[in-house]
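K.L.:
Have a look at this prediction, sequence included:
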Amino acid sequence: MRDMIFSPSQGRVSQEERSKISDAEYKNGNADTKGLREVLIPVFLSPKKRGKDGKQEDDEIWNKRQIMYIFVLTTTAGLVFLLQPLLPAAFGRWIIMVVAAAWGAGSIGLPCGLHGTARCEKECSRHVGRFIYTLFSVLVIYGFYLAAMRIGDAPAPTPSPSLKGGDRTSADSNGEFSWAFCFGMIGLFVLLGNLWSSVRGCCTGGDRDP
C-alpha cells in the first residue's frame with residue numbers, strides 16, 4: 001500500500017494519510033496476533049469469563065456437587081452388597097434400611113439440583129448432599145471395622161493353657177472391645193469433621209448456589 005504510484009496530477013500522499021495507513025496495518029497485525037494467542041493458550045490456562053448474574057460460579061459449584069452425588073450414590077449401592085454378609089444378624093436390616101432411606105434422599109436431591117430453578121430446590125440439593133456424604137463416610141468406617149473383625153475368624157494357633165476356659169473368653173472380649181473402641185473413635189472423628197464442615201458451609205455460604 002505504501003508503494004503506490006501516483007500520477008503528478010494526484011500529488012504525493014500526505015503525512016496524515018500515511019499515518020492512517022500505518023494505523024490500519026498495525027491494528028490488522030494485532031488482530032492476527034491476538035487470534036494466534038487465543039489458539040495457542042490452553043483452555044485451562046485462559047481466564048474464565050464470569051457473567052454479571054454469577055452463572056459461572058453457579059456452574060462450578062454444581063459441577064463439584066454433581067460429582068459428589070454420583071460418586072456417593074454409586075459407591076454406596078455397591079458397598080451395601082459387599083458388606084451384607086458381614087453385617088450382624090441382630091440389626092443388619094436396620095442398617096440397610098437407614099442406608100436405603102439416605103440413598104433415596106440422595107436420588108431426590110440430585111434432580112433437584114440438576115433441574116431445579118427455585119431457591120428451595122437448590123438448598124435441598126445442597127443439604128441432602130452434605131447429609132448423604134456424611135453417612136457414606138461413617139458407613140465406610142463401619143465397613144472397615146467389620147472387615148477387621150472378620151480377620152479374627154481365621155483359624156488361630158493353639159492357645160496356651162493360661163488362655164483356656166474363662167481366661168480365653170475374657171481376652172477375646174477385651175480384644176473385641178478395644179478394636180470396637182478404636183474404630184468408634186475414628187468414626188466419631190469423621191462424623192464430627194463432616195458436621196463441622198457442614199456448619200461452616202452454612203455459616204459462610206461457601207457451597208451455596210449464587
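P.N.:
Now that the structure is in, tell me what you want to look at. Numbering: from 1, shown residues only.
K.L.:
What helices and strands are in contact with the biggest helix by length in the chain?
P.N.:
Within the chain, and with DSSP state H defining each element, the longest helix by residue count is helix 166-204. Helices and strands touching helix 166-204, by 3 or more CB pairs under 8 Å, 6 or more residues apart in numbering; DSSP states H and E, are helix 119-151. Every C-beta, even on glycine, is put in place using the N, C-alpha and C of the backbone.
K.L.:
orientation of the helix it packs on relative to helix 166-204 in degrees?
P.N.:
Computed with axes from the mean of the first three to the mean of the last three CA atoms, to 10 degrees, the direction of helix 119-151 lies at 160 degrees from that of helix 166-204.
K.L.:
Does anything pack onto helix 119-151? Which helices or strands?
P.N.:
Based on contacts counted as 3+ CB pairs under 8 Å, 6+ apart, the elements that helix 119-151 packs against are helix 55-83, helix 92-115, helix 166-204.
K.L.:
List just the one of those that sits closest to V140.
P.N.:
The stretch from those with the least distance to V140 (CB to CB) is helix 55-83; that distance is 7.2 Å.
K.L.:
Buried residues of the closest one, list them for me.
P.N.:
I61, W62, R65, M68, Y69, V72, L73, T76, L79, V80, L83 (16 or more other CB atoms under 10 Å).
K.L.:
what's the answer for stretch 132-149, then?
P.N.:
Neighbour counts over stretch 132-149 (16+ other CB under 10 Å) mark 132-143, 145, 149 as buried.
K.L.:
Give me the three-state assignment for A90.
P.N.:
Three states are possible here, and by DSSP: H, G, I helix; E, B strand; the rest coil the one that applies to A90 is coil.
K.L.:
Excluding chain neighbours, give the residue nearest to K122 in space.
P.N.:
Take K122 and drop its neighbours on the chain: the residue closest to it by CB to CB, 6 or more residues apart in numbering is D209, 4.4 Å away.
K.L.:
Distance of W62 relative to I186?
P.N.:
W62 is 31 Å from I186, where distance means CB to CB, to the nearest Å.
K.L.:
Quick one: closest of the helices and strands packed on helix 119-151 to S125.
P.N.:
Proximity to S125 (CB to CB) singles out helix 92-115 among those, at 3.1 Å.
K.L.:
What mean pLDDT does that closest one get?
P.N.:
In this model, helix 92-115 has an average pLDDT of 91.
K.L.:
Just the C-alphas of it, formatted as PDB.
P.N.:
These are the backbone C-alpha positions of helix 92-115, laid out as PDB (Å, rounded to 0.1, in the frame of the first residue of the first chain):
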ATOM      1  CA  GLY A  92     -28.200 -55.700  59.900                       C
ATOM      2  CA  ARG A  93     -31.700 -55.000  58.500                       C
ATOM      3  CA  TRP A  94     -31.900 -51.700  60.300                       C
ATOM      4  CA  ILE A  95     -28.500 -50.600  58.900                       C
ATOM      5  CA  ILE A  96     -29.600 -51.500  55.400                       C
ATOM      6  CA  MET A  97     -32.900 -49.600  55.900                       C
ATOM      7  CA  VAL A  98     -31.200 -46.500  57.100                       C
ATOM      8  CA  VAL A  99     -28.800 -46.600  54.100                       C
ATOM      9  CA  ALA A 100     -31.700 -47.100  51.700                       C
ATOM     10  CA  ALA A 101     -33.500 -44.100  53.200                       C
ATOM     11  CA  ALA A 102     -30.400 -42.000  52.700                       C
ATOM     12  CA  TRP A 103     -29.900 -43.300  49.200                       C
ATOM     13  CA  GLY A 104     -33.500 -42.400  48.400                       C
ATOM     14  CA  ALA A 105     -33.000 -38.900  49.700                       C
ATOM     15  CA  GLY A 106     -29.900 -38.500  47.600                       C
ATOM     16  CA  SER A 107     -31.800 -39.700  44.500                       C
ATOM     17  CA  ILE A 108     -34.200 -36.800  45.100                       C
ATOM     18  CA  GLY A 109     -31.500 -34.200  45.900                       C
ATOM     19  CA  LEU A 110     -29.700 -34.900  42.600                       C
ATOM     20  CA  PRO A 111     -32.500 -34.000  40.200                       C
ATOM     21  CA  CYS A 112     -33.400 -31.000  42.400                       C
ATOM     22  CA  GLY A 113     -30.000 -29.600  41.900                       C
ATOM     23  CA  LEU A 114     -29.900 -30.700  38.200                       C
ATOM     24  CA  HIS A 115     -33.200 -29.300  37.100                       C
END
